[in-house]
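Undergrad: Structural data only, the sequence is not supplied:
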């Protein structure tokens, strides 16, 4: 419906300055989206929970009937929205990580708008999840749409998607460097000089827009001291404990999700039950409601006892797991910050009783906050920069970097995934990051195979094989049974060896249990070649019928892979 003039499209493709300009537009849009979503959700909290302040989780008191039943009403509403939205067709929801990894930065707008609505209803009605997923989704989706309007290259489109996510996180936390490195570590999955300018410009533009439209109390904590070598023992203990709690939370989410799935209840009823469970936990403490943004601000200045802190941690883990497992939509970014901060204060109390504490408990809380978020998100530099931008302390930032590194290593060793990539794993996707592997999937066996395959039946005698397939005519023959089903591959040189006259084709077959399928990508094909120690394999129509439709050689697959790599490299350097 709207078409960019050809000359402007050409400029956007040829000059990186125009890409930076597009990134600035994306950042402004991201700031607008975050401001609108924050205002809407806070209005819902005021109306539904009858609170003063910015968010429900920090409220001193909530009417019990509101705390108990508002999340359940939100679950029913969410189920109704899902039914109305998808009753005619399934709407694909592709988040920025998946879009950049598999789809070259292409994000469907319809699914993104639906996810934003889901997220706002979930958080607005008190489900124990954050809004960050909604912020990044809508900002990245509009960035993707803008990039497609200008027909930018695949690599530039992926960069713009990262700009959208960077702007969203930067605006949400009033921290431009945090937003930029969130994009580098999670959305773009690499850092280059070419991507630095657009991502940073988008972050700064988003923060400026947010400050103009919806100024909020800044998330700032001052610390001007230093940490001694002995304090780093506590830092490393904090990192390990944060990793363990994060793994427990991610496992709990999966267990709850499996239990709801096995219940075979309709979606709306699962959401209602999940809302009732969250409401029951909210009767104990309102800190379990919503993302925990206000609860974190209150918690930093409060002197909680160990039992209260332990209760907060257990209930928040359970509430977040129930919310996501029952079907509410959102993220665990801010929930992990709250959990890490409370865990840090709890560990500081215990450490002070046993060993004595030389640094403020608030410092341990910040270390725990960033270590926990790193364990969940898998973005250590992002959290280190969040610590730097919120405290202004280089000494504390170095401690956070150490804790983040230890936490991320512990999660990789003990669990193997961040929360986002764990969700992909549960769906059967082998995505470990947003690194662009979509073109590898497009390079399928079906596209690379030869279709002119020479075949012979398994009962063909040796003499006929030698007559039909002389030396030099071909390198290999695919053997099939009378029904045309795959039996194996015979190498032509072996036919012409000194063999008994009664030898049949089936006696010479190799790779009877190994073949390729047309939907396999080149990575799967190369693994099959390696396992079979073969230089060529037959391609079958499917695993059931096993009809031979082609042949693929390892040499041809490698050549096509290298050609595609060269083409991608040329695309990236076309305007460098």
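TA: Cool, the structure landed. Since the structure is predicted, the reported quantities are computational estimates derived from the model, not experimental observations. Residues are numbered from 1 along each chain as shown.
Undergrad: only C-alpha atoms for contact and neighbour calcs from this point on.
TA: Fine.
Undergrad: quick one: low-confidence ranges for the chain?
TA: Scanning the chain for pLDDT under 70 picks out 1-2, 13-14, 53-54, 217-224, 420, 422-442, 473, 565-576.
Undergrad: quick check: domain ranges of it?
TA: Listed by automatic domain parsing, the domain ranges of the chain are 6-213, 231-426, 438-570.
Undergrad: For those, could you give me CSV that also reports mean neighbour count and distance to residue 225?
TA: CSV is the format used below for the domains of the chain (neighbours: other C-alpha atoms under 10 Å; distance: least, C-alpha to C-alpha, whole Å):
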stretch, mean neighbour count, distance to residue 225
domain 6-213, 23, 22
domain 231-426, 22, 8
domain 438-570, 17, 47
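Undergrad: Settle this for me: residue 55 is touching residue 42, isn't it.
TA: Yes - here residue 55 reaches residue 42: they are 6.0 Å apart, a contact under C-alpha atoms under 8 Å.
Undergrad: Can you show me the helices along the stretch 1-150 of the chain?
TA: Ranges of helices within the stretch 1-150 of the chain are 6-14, 16-49, 64-86, 96-102, 109-124, 132-149, based on DSSP state H, counting those that start in this stretch.
Undergrad: same question, the stretch 201-350 of the chain
TA: Secondary structure of the stretch 201-350 of the chain, counting by DSSP H, counting those that start in this stretch: helices at 231-263, 267-282, 293-301, 306-326, 333-354.
Undergrad: Next, the angle helix 306-326 makes with the longest one.
TA: Comparing the axes of helix 231-263 and helix 306-326 via axes from the mean of the first three to the mean of the last three C-alpha atoms, to 10 degrees yields an angle of 40 degrees.
Undergrad: Remind me what helix 231-263 packs against, helices and strands.
TA: helix 306-326, helix 333-354, helix 361-377, helix 394-414 (3 or more C-alpha pairs under 8 Å, 6 or more residues apart in numbering; DSSP states H and E).
Undergrad: Can I get these in a markdown table including distance to residue 294?
TA: Shown next, in a markdown table, are the helices and strands packed on helix 231-263 (distance: least, C-alpha to C-alpha, whole Å):
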| stretch | distance to residue 294 |
| --- | --- |
| helix 306-326 | 14 |
| helix 333-354 | 9 |
| helix 361-377 | 15 |
| helix 394-414 | 22 |
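Undergrad: quick one, which of those helices is nearest to residue 292?
TA: For residue 292, the closest of the helices and strands packed on helix 231-263 is helix 333-354, at 6.0 Å, according to C-alpha to C-alpha.
Undergrad: picking up where we left off before, please convert the helices of the stretch 201-350 of the chain to JSON lines, extending it with distance to residue 6.
TA: Below are the helices of the stretch 201-350 of the chain laid out as JSON lines (distance: least, C-alpha to C-alpha, whole Å):
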{"stretch": "helix 231-263", "distance to residue 6": "48"}
{"stretch": "helix 267-282", "distance to residue 6": "47"}
{"stretch": "helix 293-301", "distance to residue 6": "45"}
{"stretch": "helix 306-326", "distance to residue 6": "45"}
{"stretch": "helix 333-354", "distance to residue 6": "41"}
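Undergrad: out of those helices, nearest to residue 480?
TA: Per C-alpha to C-alpha, nearest to residue 480 of the helices of the stretch 201-350 of the chain: helix 231-263, 42.8 Å.
Undergrad: Give me the angle between that closest one and helix 333-354.
TA: Going by the same axes, to 10 degrees, helix 231-263 makes 130 degrees with helix 333-354.
Undergrad: And for stretch 57-69, what's in contact with it?
TA: Stretch 57-69 has contacts (C-alpha atoms under 8 Å, 6 or more residues apart in numbering) with 48-53, 275-276, 278-280, 282-283, 286-298.
Undergrad: same thing but 6 Å
TA: 49, 279, 280, 282, 286, 287, 289, 292, 294, 295 (C-alpha atoms under 6 Å, 6 or more residues apart in numbering).
Undergrad: Find the nearest non-adjacent residue to the most far-flung residue of the chain relative to its centre, please.
TA: In the chain, the residue that sits farthest from the middle, by C-alpha atoms, centre = their mean, is residue 501; the gap is 60.6 Å. With sequence-adjacent residues excluded and distances taken as C-alpha to C-alpha, 6 or more residues apart in numbering, residue 501 is closest to residue 462, at 6.4 Å.
Undergrad: Residue 489 looks like it's in a strand, true?
TA: Yes - assigned with DSSP: H, G, I helix; E, B strand; the rest coil, residue 489 falls within a strand.
Undergrad: List the residues that contact it.
TA: 477, 478, 479, 509, 510.
Undergrad: ok, 7 Å please
TA: Contact analysis of residue 489 by C-alpha atoms under 7 Å, 6 or more residues apart in numbering lists 476, 477, 478, 479, 509, 510, 511.
Undergrad: do the same with residue 358
TA: Contacts of residue 358 by C-alpha under 7 Å, 6+ apart: none found.
Undergrad: Relative to residue 101, how far out is it?
TA: Distance of residue 358 to residue 101, computed by C-alpha to C-alpha, to the nearest Å: 45 Å.
Undergrad: Repeat that for residue 85.
TA: For residue 85, the distance to residue 101 - C-alpha to C-alpha - is 27 Å.
Undergrad: same thing with residue 289?
TA: Distance, residue 289 to residue 101, by C-alpha to C-alpha: 33 Å.
Undergrad: And residue 528, which helix or strand is it part of?
TA: Using DSSP states H and E, residue 528 maps to helix 522-532.
Undergrad: next SSE after that helix?
TA: Next along the chain after helix 522-532, taking DSSP H and E as the criterion, comes strand 536-540.
Undergrad: helices or strands up against the helix or strand following that next one?
TA: The first helix or strand that comes after strand 536-540 along the chain, using DSSP H and E, is strand 548-553. If contacts are counted by 3 or more C-alpha pairs under 7 Å, 6 or more residues apart in numbering; DSSP states H and E, strand 548-553 sits against strand 536-540.
Undergrad: Show me what the strand it packs on packs onto, helices and strands only.
TA: Using 3+ C-alpha pairs under 7 Å, 6+ apart, the elements in contact with strand 536-540 are strand 548-553.
Undergrad: Contacts for the strand it packs on next, please.
TA: 448-453, 485-486, 535-541.
Undergrad: can we see that at 10 Å?
TA: 445-455, 476-480, 484-487, 515-518, 525-526, 529, 534-542 (C-alpha atoms under 10 Å, 6 or more residues apart in numbering).
Undergrad: unless I'm mixing things up, residue 444 is touching residue 518, no?
TA: Yes - if you go by C-alpha atoms under 10 Å, residue 444 and residue 518 touch, sitting 6.6 Å apart.
Undergrad: Show me whatever sits in contact with both of those two.
TA: Common contact partners of residue 444 and residue 518 (C-alpha under 10 Å, 6+ apart): residue 525.
Undergrad: coming back round to it: will you turn the contacts of stretch 57-69 into CSV that also has distance to residue 309?
TA: Output for the contacts of stretch 57-69, formatted as CSV (distance: C-alpha to C-alpha, whole Å):
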residue, distance to residue 309
49, 24
279, 20
280, 19
282, 15
286, 14
287, 11
289, 16
292, 14
294, 16
295, 12
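Undergrad: Alright, that wraps it up for me.
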